[in-house]
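pasted the sequence and its predicted model underneath.
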Amino acid sequence: MKILVPCKRVPNPELKLKVGGGTVDLSGTTWQVNPFDEYAVEAALRLTERSKGGERSGEVIVVSIGPKDTTTQLRQLLAMGADRAILVAGDDAALDADLVARTLKAVVETEKPDLVVMGKQAVDGDDNQVGQLLAGYLGWPQATFLSSIVLAADGKSATVEREVDNGVEARRVRLPAVATVDLRIIGKKSVRNEALAAPGAEWDDTQRLASLKGIMAAKKKELKEVSADALGVKGDALVKTLSHASPPARKAGIKVGSVEELVAKLHTEAKVI
Amino acid sequence: MATLVLLETTSSNLRSASLAAVTAARELAKHHGGPLVGVTIGAGIGAAAADAARFVDQVLCYDNPALAPGLAETWAPVLAAAVKDSGATALVASATSTGKDVLPRAAALLRAGMASDIVAVLGPRSFRRPTYAGNALTEVEITTPVVLCTVRQTEFAPAAPAPQAGTVVSKPAPALDTLGSELVALHATKSARPDLAEAKVVVSGGRGMKEAANFKVLEELADLLGGALGASRAACDAGMVPNDLQVGQTGKVVAPELYFAVALSGAIQHLAGMKSSKVIVAINKDPDAPIFQVADYGLVATWEASIPELIGAIKRVKDV
């Protein structure tokens, strides 16, 4: 089982965003792997694990599109356990979901994975488009917003659960396919490869951290850098970002001293009850 | 030229979630010129298409048993065919789980640019949308002749019916290939409460509720106010409530008249899903919880001490 995991680097979402003059100033930020993509790497690793003999079976390839610095995040993912990494040189500001998807299509055609697993959205752009676009461009089935994935023993299909507006939807998809993952994909029993792991196999209830051994091993793993030109990707972004602004601030609220006061305010001042 | 809007249906009705898309599509249609055309997709949806036609000039109805499971693999080619056949220059859908799943795939088939989760239509191909968990509002411009967008439901009022109902045109579906995808089951969450995304009052609990049974008291408060129940990611992850109650950047986006955040710290990912609420009440025992920064009314108290008292006090005010 060969699994490709596209990963985006994003500014630390916990830091206060500097918005001004029509732009977002990211000069002082720290960069990290998009949390959903980190979960996708964890899910991909689990799909290669827990065989009877304990050895892994399969390959997990992480790919990112970004500036040279993105090698830092890719090394972290190699330290987590991914087998090799690809960095396609790109300028964050010149990319949109469509150009990212077309670049990934070129990578898929080169690497020929059995499965693409990625986060359902990046927490900076919040587009939630790339997985669906990629599946559309490839003509592959898509399985979005997954809270679980079980690969069939023959490696030809997967049974998935999707988080939808009114509950959970179960689907079966043929491979190769594009899967995008939601938060719950890192649950203890959310991911399993029937060819390897016995029913009931459990993982930790979170994504793994890189071990010291993993960090040492990552230094020797392949991290290939390629250009979009070399992949044959042509054309520009279809969506241009014109400007950014801060959302209107909420006016400062008040603290109330008691439940009675709260109810009085809601009734007579806010008039909502 | 035409503006298309995906109108999601039940077997007999237009889904109210699509009414926000109709409102946005009406604005966009003014920029694009031409009629506003609804697209309904499914199996046995004749009555629903007639219901949907009340809101648009025309409905293109793709009614085929193979379209019942709502797969992006078949719906996206239908939407692409609808755009091409009608010569439309815009396609709009609400940012429901279906809209988010299907529209980008249609964008790929059309080689068209798409804006996700828009909060304003600024021109024929420019839109405003939240980014960075709602910490920025970003203006984007699509450079392709055809533009696609999904619509944040809380930012566009539900459309009223048009003065005159449109016609329904039955369309043969293009060749349908599921690519081997099949629906196995839908485990719908059953609730007598209003839909979270549309409720006038939302009562959300967080990690501090500690366990599922404690949500009973929040349910009582929600029911008293005719509201919906919500939760933070922590409460969902801990299994206290179903995942589809999660409010936040990656869960549901809500903007009710009144939002109660109870025993919930207010991580930015949660704030992204509720800070457009008209009135926010925060109840938390930690006076430094970030939720107080967005609350109109904050009460430093435990839920155990305050919520039963709150229910009693509201009953007295409402005289029930």
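Noted; the coordinates are in hand. Numbering: from 1, shown residues only, chains lettered A, B, ... in the order given.

part of a strand, is B:Asp288?
No. Assignment of B:Asp288 by DSSP: H, G, I helix; E, B strand; the rest coil gives coil, placing it outside any strand.

could you pull out the helices in the stretch 151-300 of chain B for me?
B:215-224, B:233-237, B:268-271 (DSSP state H, counting those that start in this stretch).

what's the spacing between B:Lys171 and chain A?
Between B:Lys171 and chain A the computed distance is 21 Å (Cβ to the nearest Cβ, to the nearest Å). Using the backbone N, CA and C atoms, a C-beta is placed for each residue, glycine as well.

and that residue, what does it touch?
Shown in contact with B:Lys171 (Cβ atoms under 8 Å, 6 or more residues apart in numbering or on different chains): B:60-62, B:82, B:85.

any chance of these in JSON lines, plus pLDDT?
Formatted as JSON lines, the contacts of B:Lys171 follow (pLDDT from 0 to 100):
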{"residue": "B:Leu60", "pLDDT": "98"}
{"residue": "B:Cys61", "pLDDT": "98"}
{"residue": "B:Tyr62", "pLDDT": "98"}
{"residue": "B:Ala82", "pLDDT": "98"}
{"residue": "B:Asp85", "pLDDT": "94"}
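
buried subset of those residues as a ChimeraX selection?
Buried subset of those, written as a ChimeraX selection, criterion 16 or more other Cβ atoms under 10 Å in any protein chain shown:
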select /B:60,61,62,82
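
widest-spaced pair of the contacts of B:Lys171?
The largest separation in the contacts of B:Lys171, counting by Cβ to Cβ, is between B:Cys61 and B:Asp85 at 13.0 Å.

and the helices of the stretch 151-300 of chain B as TSV, adding mean pLDDT and mean neighbour count?
What follows is these, written out as TSV (pLDDT from 0 to 100; neighbours: other Cβ atoms under 10 Å in any protein chain shown):
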stretch	mean pLDDT	mean neighbour count
helix B:215-224	98	18
helix B:233-237	95	22
helix B:268-271	96	23
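
between the ones you listed, which one is closest to A:Leu77.
The nearest among the helices of the stretch 151-300 of chain B, by Cβ to Cβ, is helix B:268-271 at 22.0 Å.

what packs against the closest one?
Packed against helix B:268-271, as judged by 3 or more Cβ pairs under 8 Å, 6 or more residues apart in numbering or on different chains; DSSP states H and E, are no other helices or strands.

and A:Leu78, what does it touch?
Contacts of A:Leu78 (Cβ under 8 Å, 6+ apart): A:62, A:84-85, A:214, A:217-218, A:221, A:223.

could the residues you listed be laid out in a markdown table, adding secondary structure and distance to A:Ala135?
Formatted as a markdown table, the contacts of A:Leu78 follow (DSSP: H, G, I helix; E, B strand; the rest coil; distance: Cβ to Cβ, whole Å):
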| residue | secondary structure | distance to A:Ala135 |
| --- | --- | --- |
| A:Val62 | strand | 19 |
| A:Arg84 | strand | 23 |
| A:Ala85 | strand | 22 |
| A:Gly214 | helix | 31 |
| A:Ala217 | helix | 32 |
| A:Ala218 | helix | 30 |
| A:Lys221 | coil | 28 |
| A:Leu223 | strand | 26 |
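
ok, the residues you listed vs chain B, which is closest?
Ranked by distance to chain B (Cβ to the nearest Cβ), these are led by A:Val62 at 21.4 Å.

which residues does that closest one bridge with?
With DSSP bridges applied, A:Val62 shows beta-bridge pairing to A:Val5, A:Ala85.

same deal with B:Val147?
B:Ala90, B:Gly113.

which strand runs longest in chain A?
strand A:142-151 (DSSP state E).

after it, heading C-terminal, what element do we hit next?
strand A:157-164 (DSSP states H and E).

wait, does that next one contact chain B?
Yes. Contact of strand A:157-164 with chain B (Cβ under 8 Å from any Cβ of the partner chain) involves A:157, A:159, A:162-164.

which one (most neighbours) among the residues you listed?
A:Glu163 (26 neighbours; other Cβ atoms under 10 Å in any protein chain shown).

what pairs with that residue across the strands?
A:Val168.

who's in contact with it?
With Cβ under 8 Å, 6+ apart, A:Glu163 has these contacts: A:145-147, A:182, A:184, B:97, B:243-244.

how about B:Leu225?
A:273, B:201, B:203, B:258, B:314.

cool, B:Val147 as well?
So B:Val147 contacts B:28, B:89-91, B:112-115, B:124-125 (Cβ under 8 Å, 6+ apart).

check B:Val92 too.
Per Cβ under 8 Å, 6+ apart, neighbours of B:Val92: B:3-6, B:21, B:24-25, B:28, B:148-151.

surely B:Ile314 touches B:Leu224?
Yes. Applying Cβ atoms under 8 Å as the test, B:Ile314 and B:Leu224 come out as touching, 6.0 Å apart.

okay if I get the helices of the stretch 151-300 of chain B as JSON lines plus distance to A:Ala197?
JSON lines is the format used below for the helices of the stretch 151-300 of chain B (distance: least, Cβ to Cβ, whole Å):
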{"stretch": "helix B:215-224", "distance to A:Ala197": "33"}
{"stretch": "helix B:233-237", "distance to A:Ala197": "23"}
{"stretch": "helix B:268-271", "distance to A:Ala197": "31"}
